[in-house]
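Trainee: Generate coordinates for the sequence data below:
(2 chains)
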There are 2 protein chains.
Amino acid sequence: MMNTLYLPELREMLAADDRPGLREFCTALHAARVVEFMEGLAPLEVWTVLRASDRSTCAEVFGFLPEKTQIEILESGDSRTLSQLIADMPADDRVDLLNEVEPTIVKQLLPLVPVEERRDILRLQSYPEGTAGAVMTTEVAKLPASLNVGTALEELGRQATDLETIYYIYIVDEKDHLQGTVSARQLVTRLGKPETPLSEIMERNLVTVQANDDQEVVAKKVADYDFLAIPVVDDEQRLAGIVTYDDVIDVLREEAEEDAYLAAAVEPLQAGYLQTSLIVLTWKRGFWLFTLFIAALLTAFALKSYQQVIDQVGWLVFFIPLIMSSGGNSGGQSATLVIRALSNKDIGLSDARRVLARELLMGLFLGSALSVVGYVVGWLMLPAPPTGPTPVELLTIPITLLVVVLFGSLCGAGLPLLFRRLGVDEALMSTPFVTVLIDIGGILIYMMVAMKMIDGLIRTAGPALTL
Amino acid sequence: MMNTLYLPELREMLAADDRPGLREFCTALHAARVVEFMEGLAPLEVWTVLRASDRSTCAEVFGFLPEKTQIEILESGDSRTLSQLIADMPADDRVDLLNEVEPTIVKQLLPLVPVEERRDILRLQSYPEGTAGAVMTTEVAKLPASLNVGTALEELGRQATDLETIYYIYIVDEKDHLQGTVSARQLVTRLGKPETPLSEIMERNLVTVQANDDQEVVAKKVADYDFLAIPVVDDEQRLAGIVTYDDVIDVLREEAEEDAYLAAAVEPLQAGYLQTSLIVLTWKRGFWLFTLFIAALLTAFALKSYQQVIDQVGWLVFFIPLIMSSGGNSGGQSATLVIRALSNKDIGLSDARRVLARELLMGLFLGSALSVVGYVVGWLMLPAPPTGPTPVELLTIPITLLVVVLFGSLCGAGLPLLFRRLGVDEALMSTPFVTVLIDIGGILIYMMVAMKMIDGLIRTAGPALTL
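Mentor: Presented below is the predicted three-dimensional model:
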């Protein structure tokens, strides 16, 4: 999916070392589009294009490159220009990037980065991945409460080019304790009264997050409050940085990806499908596929323990897959409904009883509907007695379907609640896991119902699993 | 999950009609928190609290209420105050809300809304749901190119309170044709040179969307470009409105929810789990559950057509669930990987061959690993010949596992690609559908391998399904 419109022109300019031409290319379009148009170039060619432009454009366009290209550029040598680039990058992005680059390269580059940026990098690197500290930026508009609207705007104008966002201004005391916020909108609407002190207009009821808070919690807060940015404070309410809406959008996209992979029992990928090596991909699938396989082996043992039943009533076998998939599908539906509701805080643990009651009712409705169809199909498909089942014996199918759908719904809803109760992330309780448990339960239910409903069955194995 | 901290005080103030107290409650905290604290109140009580505060606070807090409460309040009568509230709400939110309210109520309310807002509502209502036009707001900072930095800031200060965002200013000609954008940041950094004309600093390379574009496309664009807002234009490049980052965050969350539900074959919910009635919930699950059930019925017919094989070799039955779940799980994994990669534009249709080659290799690795375990377990579990299978006959299990995992991976990867090719949303190709297809295929594969591997099997039914 490449945009090759400008590629020949770009290659020509590169060959001719046409720096003014390359510079114009970089500035003529939005940085994200510049990157799109360079998609066919090798990382080092991209770097040659970028170096032709001014420092701020170079850093801006670089920020939109795919991570893999960024890493290859950083690992290409050229330490002087690259350390400049690092100094010009947004504080949060450069730390994320440096964490992915070869440590030996980082050791070469860091000493060349200006001391202030270098200290900032080392501090941000100390926060664990996935926390507010790791996604925040330290480039914040901090002003003292003693300023007024006029002087604040002037000061903001001076700082603006270095800041990630100027749309919230954070009011701090001399020890960086956060005291309030003022929005650029408040300043602009008071342009006519420049002498208004900030302390008079600032918002003192602050919603903040801690540097160690999970990024998902931060994203949810920003989204719920419709914030442009949220301040991150340390244990002593000192302003450590801010998390901005664009990082929140990234976190939300990342988490949605992760949930989608986990729901199919795949370890989340770090890179794109084609960028991930086959070995990594196989491992990320294989681990869970293998675990599920081991669990599914129990179904074989369960069926074996009922060998005598199956041998006597051959038609029971035909419906094994149908019964298992009905239980598994309804269980997967319930699990998804409850996992989504828990994660959206629609329900909490205190609603467990109500949730299970609803699932019981839904299981009854759905199970009954499937039962009717199952009975009719069984009746049409199987021969009449004495070869086939009597109408009463055939009730095994609808009764099992009803019980299995009920069992599936209750398991699907109950297991995520149990996980939440135990303090384990319920998203791990993915559909395939619910399904494999319901498969095993489904077989036991089927065989037990069959033994009740079918006359003259000789039962020799115990009802429990005999491994 | 209620915050009942202030509930007794609120009820007391309501009983005593303590309007100053209620007003203070509404303004003391962020609107989202005010809503949290009112969670225990009935909709009409909430409305009494809100009415006590000033118009802008009232509209702001109202905006954070759950949709269900908003609708109940609007349907409560009190048309005069409610039409004021509607006029004060953000242009995009009020349209979404009015679309949910009883049409008779809307007919009562609309004539009381001031003419300008009323026209705006009618215009926005004409865009279909899920398009840029339906999520955009019309409250945009529009300025002519003839202003300079100083006069633009003044004009912005005047408009600011009515606008959803003031952080981008849109430069239009007298016929509303979009000519460029200027950011508030650009204005603030040029405070020292107020006579700079906007035409000199404005960005002319614009990234826009059309009013009929899908909201998902808009969200992806805003997220990819790190925009605060994106302009929406009509066919003639006239500025119709903007979509802001907070709407994008909402769209992204909504789409992630939808994908999660579809992946478990549940029709996406409009409201929370507990807010959705049991009948709606049962229908949203039942429709797909029933469809899947009908498809799964084919497994029963497939097994019946192989009745003779099963009757002769009883142990084959034990492994039916294991084989089906292995195929289904690997297929679900492949489907998820390919669906995510397609939706992230990691891969396109042109990569189909490469994707299938990778899935083939992964299927070989994973299938081989499961086969080894399957063979060992079968050997331990089943009796020795003549009662049980010979070592060669037992090869049925590992060979089937390998073929089924391969088949699952290729189907899981191929079906979403096929859907995309046919122009159908590949997210509809959810895991349960892939699974049911693989279940049917798995049984056919199992029986065919068994007939090849097991000596002396009398085969009477045809290899095709005999329905």
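
Trainee: how is chain A carved up into domains?
Mentor: A:7-127, A:142-261, A:278-453 (automatic domain parsing).

Trainee: Dump these to TSV, plus distance to B:Gly367 and mean neighbour count.
Mentor: In this view, the C-beta of every residue, glycine as well, is placed from N, C-alpha and C. Listed next are the domains of chain A as TSV, based on distance: least, C-beta to C-beta, whole Å; neighbours: other C-beta atoms under 10 Å in any protein chain shown:
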stretch	distance to B:Gly367	mean neighbour count
domain A:7-127	30	17
domain A:142-261	21	19
domain A:278-453	10	21
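
Trainee: could these be laid out in JSON lines, adding mean pLDDT and distance to B:Glu359?
Mentor: Output for those, formatted as JSON lines (pLDDT from 0 to 100; distance: least, C-beta to C-beta, whole Å):
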{"stretch": "domain A:7-127", "mean pLDDT": "87", "distance to B:Glu359": "22"}
{"stretch": "domain A:142-261", "mean pLDDT": "88", "distance to B:Glu359": "16"}
{"stretch": "domain A:278-453", "mean pLDDT": "90", "distance to B:Glu359": "10"}
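
Trainee: can you put those domains in TSV and add distance to B:Ala302?
Mentor: Formatted as TSV, the domains of chain A follow (distance: least, C-beta to C-beta, whole Å):
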stretch	distance to B:Ala302
domain A:7-127	46
domain A:142-261	31
domain A:278-453	8
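
Trainee: Quick one: closest of these to B:Phe319.
Mentor: With C-beta to C-beta as the criterion, B:Phe319 lies closest to domain A:278-453 of the domains of chain A, at 5.5 Å.

Trainee: What helices and strands are in contact with the stretch of helix or strand A:Tyr375 belongs to?
Mentor: Counting by DSSP states H and E, the element that carries A:Tyr375 is helix A:352-381. Identification of packing neighbours for helix A:352-381 by 3 or more C-beta pairs under 8 Å, 6 or more residues apart in numbering or on different chains; DSSP states H and E yields helix A:320-343, helix A:391-394, helix A:396-421, helix B:278-305.

Trainee: Work out the gap between it and the centre of the chain.
Mentor: On the basis of C-alpha atoms, centre = their mean, to the nearest Å, helix A:352-381 sits 33 Å off its chain's mean C-alpha point.

Trainee: can you check stretch A:90-100 too?
Mentor: Counting by C-alpha atoms, centre = their mean, stretch A:90-100 comes out at 20 Å from the chain centroid.

Trainee: Same check on stretch A:196-215?
Mentor: Here stretch A:196-215 is found 27 Å from its chain centre; the criterion is C-alpha atoms, centre = their mean.

Trainee: Ok, stretch A:175-189 next?
Mentor: Using C-alpha atoms, centre = their mean, the offset of stretch A:175-189 from its chain centre is 32 Å.

Trainee: still on that earlier bit, and B:Gly374, which of the domains of chain A is closest to it?
Mentor: Across the domains of chain A, closest to B:Gly374 is domain A:278-453 (C-beta to C-beta), at 8.0 Å.

Trainee: What is the end-to-end distance of the closest one?
Mentor: With C-alpha to C-alpha, to the nearest Å as the measure, domain A:278-453 spans 51 Å from end to end.

Trainee: Which strands or helices does the helix or strand containing A:Val106 pack on?
Mentor: Taking DSSP H and E as the criterion, A:Val106 maps to helix A:103-109. Helix A:103-109 is packed against helix A:79-88, with contacts defined by 3+ C-beta pairs under 8 Å, 6+ apart.

Trainee: what's the nearest residue to the residue most central in space within chain A if we skip its chain neighbours?
Mentor: Central residue of chain A (C-alpha atoms, centre = their mean): A:Glu255, 1.3 Å from the mean position. Spatially, and ignoring its direct neighbours in sequence, A:Glu255 is nearest to A:Glu216 (5.6 Å; C-beta to C-beta, 6 or more residues apart in numbering or on different chains).

Trainee: just to revisit the earlier point, run the chain-centre distance for the strand or helix carrying the residue nearest to the centre of chain A.
Mentor: Assigned by DSSP H and E, A:Glu255 belongs to helix A:245-263. When distances are taken as C-alpha atoms, centre = their mean, helix A:245-263 is centred 3 Å away from the chain's centroid.

Trainee: helices or strands up against that helix?
Mentor: Checked by 3+ C-beta pairs under 8 Å, 6+ apart, helix A:245-263 has helix A:132-135, helix A:215-225, helix B:215-225, helix B:245-263, helix B:320-343 packed alongside it.

Trainee: would you list those helices in JSON lines and tack on distance to B:Arg158?
Mentor: Shown next, in JSON lines, are those (distance: least, C-beta to C-beta, whole Å):
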{"stretch": "helix A:132-135", "distance to B:Arg158": "37"}
{"stretch": "helix A:215-225", "distance to B:Arg158": "27"}
{"stretch": "helix B:215-225", "distance to B:Arg158": "27"}
{"stretch": "helix B:245-263", "distance to B:Arg158": "24"}
{"stretch": "helix B:320-343", "distance to B:Arg158": "43"}
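
Trainee: out of these, nearest to B:Val403?
Mentor: Using C-beta to C-beta, the nearest of the helices and strands packed on helix A:245-263 to B:Val403 is helix B:320-343, at 9.0 Å.

Trainee: what about the closest one and chain A, touching?
Mentor: Yes: contact of helix B:320-343 with chain A (C-beta under 8 Å from any C-beta of the partner chain) involves B:320-322, B:324-326, B:329-330, B:332-333, B:335-341.

Trainee: rewinding a little: check the contact between the residue nearest to A:Glu255 and A:Ala256; I expect there is one.
Mentor: No: A:Glu216 is beyond contact range of A:Ala256, at 10.7 Å (criterion: C-beta atoms under 8 Å).

Trainee: Confirm A:Val243 sits in a strand?
Mentor: Yes: counting by DSSP: H, G, I helix; E, B strand; the rest coil, A:Val243 falls inside a strand.

Trainee: Tell me, how many residues neighbour the residue lying closest to it once chain neighbours are set aside?
Mentor: Nearest non-adjacent residue to A:Val243, counting by C-beta to C-beta, 6+ apart: A:Met136, 4.9 Å away. Close neighbours of A:Met136, defined as other C-beta atoms under 10 Å in any protein chain shown, add up to 29.

Trainee: Tell me the predicted confidence for A:Met136.
Mentor: Per-residue pLDDT puts A:Met136 at 89.

Trainee: cool, A:Ala464 as well?
Mentor: 45.

Trainee: And for A:Asn3?
Mentor: On the pLDDT scale, A:Asn3 gets 60.

Trainee: okay, the angle between the helix holding A:Glu255 and helix A:278-305?
Mentor: If you take axes from the mean of the first three to the mean of the last three C-alpha atoms, to 10 degrees, helix A:245-263 sits at 40 degrees to helix A:278-305.

Trainee: any idea of the angle helix A:245-263 forms with helix A:320-343?
Mentor: Using the same axes, to 10 degrees: helix A:245-263 against helix A:320-343 is 160 degrees.

Trainee: can you pull the alpha-carbon coordinates of helix A:245-263 into CSV?
Mentor: Output of helix A:245-263 as CSV, limited to C-alpha atoms (Å, rounded to 0.1, in the frame of the first residue of the first chain):
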residue,chain,number,x,y,z
TYR,A,245,-4.7,13.6,24.0
ASP,A,246,-2.6,12.2,21.1
ASP,A,247,-0.8,9.8,23.5
VAL,A,248,-4.2,8.8,24.8
ILE,A,249,-5.4,8.1,21.3
ASP,A,250,-2.3,5.9,20.8
VAL,A,251,-2.9,4.1,24.2
LEU,A,252,-6.6,3.4,23.3
ARG,A,253,-5.6,2.0,19.9
GLU,A,254,-2.9,-0.1,21.4
GLU,A,255,-5.2,-1.5,24.1
ALA,A,256,-7.9,-2.3,21.6
GLU,A,257,-5.4,-4.2,19.5
GLU,A,258,-4.2,-6.1,22.6
ASP,A,259,-7.8,-7.1,23.6
ALA,A,260,-8.5,-8.3,20.1
TYR,A,261,-5.4,-10.5,20.1
LEU,A,262,-6.0,-11.9,23.6
ALA,A,263,-9.7,-12.7,22.7
